Every structure is written in structure tokens, then in C-alpha cells.
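Enquirer: Could you look at this predicted model? Sequence included:
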Amino acid sequence: MQTPLIKTLIWVLVAIITSVAIQIPMLWHGDYAFLYPNLLIVFISIMSIRNSFEFYNIGFHRNKWSRYFLFVLNIFIFLYILNRLEIVLGVIDSMDVKNLISSSTITFNETVDVLKYVNKEYLFFSIASFVGLAIYNLRLLASFWKLTTSLKRERKLT
């Protein structure tokens, strides 16, 4: 296997493990309603920041069409995360614990702690994913610009 592919697979594994580990406090208290969107947001934030910093070391960035696909996909993911953030913060603001975690054994103090944790964690990783996706899309745009300017430079030389 190639070293960049191994690094990418390791980062995917680290992102998956981290996103599951961050969900554990919510899962201890019952059935967490926003588990999959939250897993996706943590995963996307880690991977988009990583992809932004190691942009030219990632193999699938060499193909122009994969970069176009990633650019459009990032826009849709950005809108999805914005929608989920609005829903979760609305549930937290209304203190509607039944829509957040379904559990019959949770106490009032645990409820307050879980709401604080979910609020801070969801807000932090949503903002991290917004920043990561914005930087990643800027890197993608810069790569398109770099390709266009190098083509124009080659045409002037000939």
C-alpha cells in the first residue's frame, strides 16, 4: 500500500473512534436521538480540517472531477450541518429532554449536565466543521485557480 493511502485510512479510523468516543456520555443516559447527525458532524469536522492541511498529499485531489464533486458535496454538507445545528439548539433551548434523550432513569442534575454537554459539544463541532469545510472549499477553489493560471501561462509561452 502507498503511504498517503495508509495515512488517509488511519485518519478515517481516528475520526470514527473520536466521534464515537464523544457520543458516549449521551449514550450512557439513554437513547440519544441525534446520534447519527452528531457522529457525522464530528467526523466531517476532523476530516475536513485534516484534508485542508494536507491538501496536496491526498491522492484523490489530483483528479479535477473529484475536486469538483468534493466542492459541491461540501456545500450540501455545510447546509445539512446548519440545519441539524438549528434543530438541536432549538431542542436544547426549549429544554425538551424527551426529544433529545429518551430515558426514564435520568435525574434532574444529570439532565442539566447532559444538556450542557450536548450544547457545548454540538456547537463546538458544528463550528469546527463550518470552519473546516470553508477552508477546504477555499483550498479546492485555489487548486482550480492554480490549474487555470498554469494553463494560461503555458498558452502565453507557446
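Expert: Okay, I see it.

Enquirer: residues in contact with stretch 78-85?
Expert: 34, 37, 41, 44, 122, 123, 126, 129, 130, 133, 134 (C-beta atoms under 8 Å, 6 or more residues apart in numbering). Every C-beta, even on glycine, is put in place using the N, C-alpha and C of the backbone.

Enquirer: now residue 65, what's its secondary structure?
Expert: helix (DSSP: H, G, I helix; E, B strand; the rest coil).

Enquirer: How many neighbouring residues does it have?
Expert: 7 (other C-beta atoms under 10 Å).

Enquirer: Then residue 28?
Expert: Counted with other C-beta under 10 Å, residues neighbouring residue 28 total 13.

Enquirer: ok, now how distant is it from residue 106?
Expert: 10 Å (C-beta to C-beta, to the nearest Å).

Enquirer: the helices in the protein, which residues?
Expert: Assigned by DSSP state H, the chain shows helices spanning 3-28, 35-53, 64-93, 97-100, 108-157.

Enquirer: name the helices or strands packed onto the longest one?
Expert: In other words, helix 108-157. Counting contacts by 3 or more C-beta pairs under 8 Å, 6 or more residues apart in numbering; DSSP states H and E, helix 108-157 packs against helix 3-28, helix 35-53, helix 64-93, helix 97-100.

Enquirer: The second one: how far from the chain's middle?
Expert: By that I understand helix 35-53. 3 Å (C-alpha atoms, centre = their mean, to the nearest Å).

Enquirer: Residue nearest the middle of this protein, spatially speaking?
Expert: residue 44 (2.0 Å; C-alpha atoms, centre = their mean).

Enquirer: pLDDT wise, what is that residue at?
Expert: With respect to pLDDT, residue 44 scores 93.

Enquirer: so where's the chain shaky on pLDDT?
Expert: 1, 96-97, 99, 103-104, 147-158 (pLDDT under 70).

Enquirer: and with 90 instead?
Expert: 1-9, 23-38, 51-68, 70, 84-123, 126, 140-158 (pLDDT under 90).
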